[in-house]
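# have a look at this prediction, sequence included:
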Amino acid sequence: MLELNLMRMNRIFFCLLCCLFYNLQGWSQEGKSSYDFLNLPVSTHVNALGGNNISIIEEDVAVTNQNPALLGPEMDLQLNLNYMRYVAGINIAGFTFAKAAGDRGAWAAGLQYLGYGEMKLTEPDGSITGKFNPKDIIFNGIYSHDLNDRWRGGINAKLVYSQYEQYSALALCVDLGVNYYNPEKDLSMSILVKNAGGQLKRFNDKFERMPWDIQLGLSKTLDHAPFRFSVTAQHLTRWKLPYTYLDSNLNNNEGDLKEKNNFASNLFRHLIFAVDYIPSQNLYIAIGYNYKTRTDMKSYNRNFLSGFTAGAGIKVRMFSIGASVAQHHKGGTSFMFNLNTNLNDLLGSR
């Protein structure tokens, strides 16, 4: 049995390496993808932890959209419904459903719909000729398997359909993840190759790149206090993540654009820090800080809360309810809501 588990683990690591080398050929740089919406969180808990977390261990099927290795048979018949009111009137909604596959495996399926509202169709001279509703739809299928009592591997295949007026495209990508969890120390560590793939059907003559990434995550609960700390490292396909900012004085918003590209800035733009307060299994309060989001949204007299996220969740009988908020910029605040239930509980209550 040990030899079989080692063979399975080696296969997953081999797939991770193959996926890495395949994507290195294209070297998709952050910020140059037409599919960055694939990085938006589905879980309110993840959204509250800085917008990305691949290592928290929860019986919440929504977190498996961040890392398929977090899926397990303990989530049998879980159903999650999610909704986000994003910036600029964008609405995002979907669901994820999980089913156990034996004692050591599980699968899940889900759908995410991103609607960008009604837009005007215009000619080059500015005359309005009609209206259209652009949208993106993500279909995903997840499978995970326990390699042994502490190691778990998973894969998430995502089919993405986009339609913007008369233009449409189809893309396929996968997430490959491995998670290590030590329940005695409540320590979780993950590695993830995210959004590896490409377009099957193009908008036009040009192939658009996928926002592929390599990520690492660590979560640890304190031994004698109800606090869990998490650190997530992202955008590990490159070290330098420079950004520009307006160098101005306090009296006006005029100044020169300057680039910041030093060691400390690059380091912290890779990292997301988060903490959970978990006084019981039925309640959590979470706060996250994403330095990259803060610097990306940096502007004159920016909001102090930029880069911070917060949220909470509570379980009441057969339902879990979560809510989170993120104010990335003083002109844009997003709200997310989750409703989670286990169909075993619903059926058993009848």
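Yes, it's here.
# can you pull out the low-pLDDT segments for the stretch 151-300 of the chain?
Scanning the stretch 151-300 of the chain for pLDDT under 70 picks out 246-255, 298-300.
# 50 instead, please
Counting by pLDDT under 50, the stretch 151-300 of the chain shows low-confidence ranges at 250.
# please enumerate the helices of it.
Under the criterion DSSP state H, counting those that start in this stretch, the stretch 151-300 of the chain carries helices at the ranges 263-269, 291-296.
# output whichever strand or helix holds Val46 in PDB with nothing but the alpha carbons.
Element membership for Val46, per DSSP states H and E: helix 44-48. Output of helix 44-48 as PDB, limited to C-alpha atoms (Å, rounded to 0.1, in the frame of the first residue of the first chain):
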ATOM      1  CA  THR A  44     -16.200  34.200   1.100                       C
ATOM      2  CA  HIS A  45     -13.600  32.700   3.500                       C
ATOM      3  CA  VAL A  46     -10.900  32.900   0.900                       C
ATOM      4  CA  ASN A  47     -11.900  36.300  -0.200                       C
ATOM      5  CA  ALA A  48     -11.700  37.500   3.400                       C
END
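# in that helix, what's buried?
By neighbour count with 16 or more other CB atoms under 10 Å, helix 44-48 contains the buried residues 44-48. Every C-beta, even on glycine, is put in place using the N, C-alpha and C of the backbone.
# next: stretch 210-229.
Buried residues in stretch 210-229, defined by neighbour count with 16+ other CB under 10 Å: 210-221, 228.
# now the residues you listed as TSV including distance to Thr341?
Converted to TSV, these look like this (distance: CB to CB, whole Å):
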residue	distance to Thr341
Met210	33
Pro211	31
Trp212	33
Asp213	31
Ile214	34
Gln215	29
Leu216	32
Gly217	27
Leu218	30
Ser219	24
Lys220	29
Thr221	25
Arg228	24
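# narrow these to those in strands?
Residues of these located in strands (DSSP state E): 213-221, 228.
# for the closest residue to Val46 other than its chain neighbours, grab phi and psi.
Using CB to CB, 6 or more residues apart in numbering and skipping the chain neighbours, the partner closest in space to Val46 is Asn53 (4.9 Å). Main-chain torsions, Asn53, degrees, to the nearest 10: phi -160, psi 130.
# quick check: Asn53 vs Asn91, distance?
With the distance defined as CB to CB, to the nearest Å, Asn53 ends up 23 Å from Asn91.
# and for Ala48?
For Ala48, the distance to Asn91 (CB to CB) stands at 20 Å.
# what about the helices in the stretch 1-150 of the chain?
Under the criterion DSSP H, counting those that start in this stretch, the stretch 1-150 of the chain contains helices at 2-26, 44-48.
# the last one packs against which elements?
Other helices and strands packing on helix 44-48, by 3 or more CB pairs under 8 Å, 6 or more residues apart in numbering; DSSP states H and E, are strand 283-290, strand 308-316, strand 319-329, strand 332-342.
# now render those strands as JSON lines, adding distance to Lys240 and mean neighbour count.
Converted to JSON lines, these look like this (distance: least, CB to CB, whole Å; neighbours: other CB atoms under 10 Å):
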{"stretch": "strand 283-290", "distance to Lys240": "18", "mean neighbour count": "21"}
{"stretch": "strand 308-316", "distance to Lys240": "25", "mean neighbour count": "19"}
{"stretch": "strand 319-329", "distance to Lys240": "22", "mean neighbour count": "21"}
{"stretch": "strand 332-342", "distance to Lys240": "27", "mean neighbour count": "19"}
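# export those to a markdown table and append columns for distance to Lys135.
A markdown table is the format used below for those (distance: least, CB to CB, whole Å):
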| stretch | distance to Lys135 |
| --- | --- |
| strand 283-290 | 27 |
| strand 308-316 | 26 |
| strand 319-329 | 22 |
| strand 332-342 | 18 |
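# so what's the residue nearest to the spatial centre of the chain up against?
Centroid-nearest residue in the chain, with CA atoms, centre = their mean: Pro41, separated by 3.8 Å. Applying CB atoms under 8 Å, 6 or more residues apart in numbering, we find Pro41 in contact with 47, 51-52, 65-66, 336.
# go with 10 Å
By CB atoms under 10 Å, 6 or more residues apart in numbering, the contact set of Pro41 is 47-53, 62-63, 65-66, 82, 84, 92, 309, 324, 326, 336.
# how close does it get to Thr129?
37 Å.
# looking at the helices of the stretch 1-150 of the chain, which has the lowest confidence?
Lowest mean pLDDT of these: helix 2-26, a mean of 44.
# output the below-cut-off pLDDT ranges for the stretch 1-150 of the chain.
Ranges of the stretch 1-150 of the chain meeting pLDDT under 50: 1-10, 12-31.
# one more time with 70, if that's ok
Scanning the stretch 1-150 of the chain for pLDDT under 70 picks out 1-33.
# Asn140 against Gly94, yeah?
Yes. Counting by CB atoms under 10 Å, Asn140 touches Gly94, with 9.3 Å between them.
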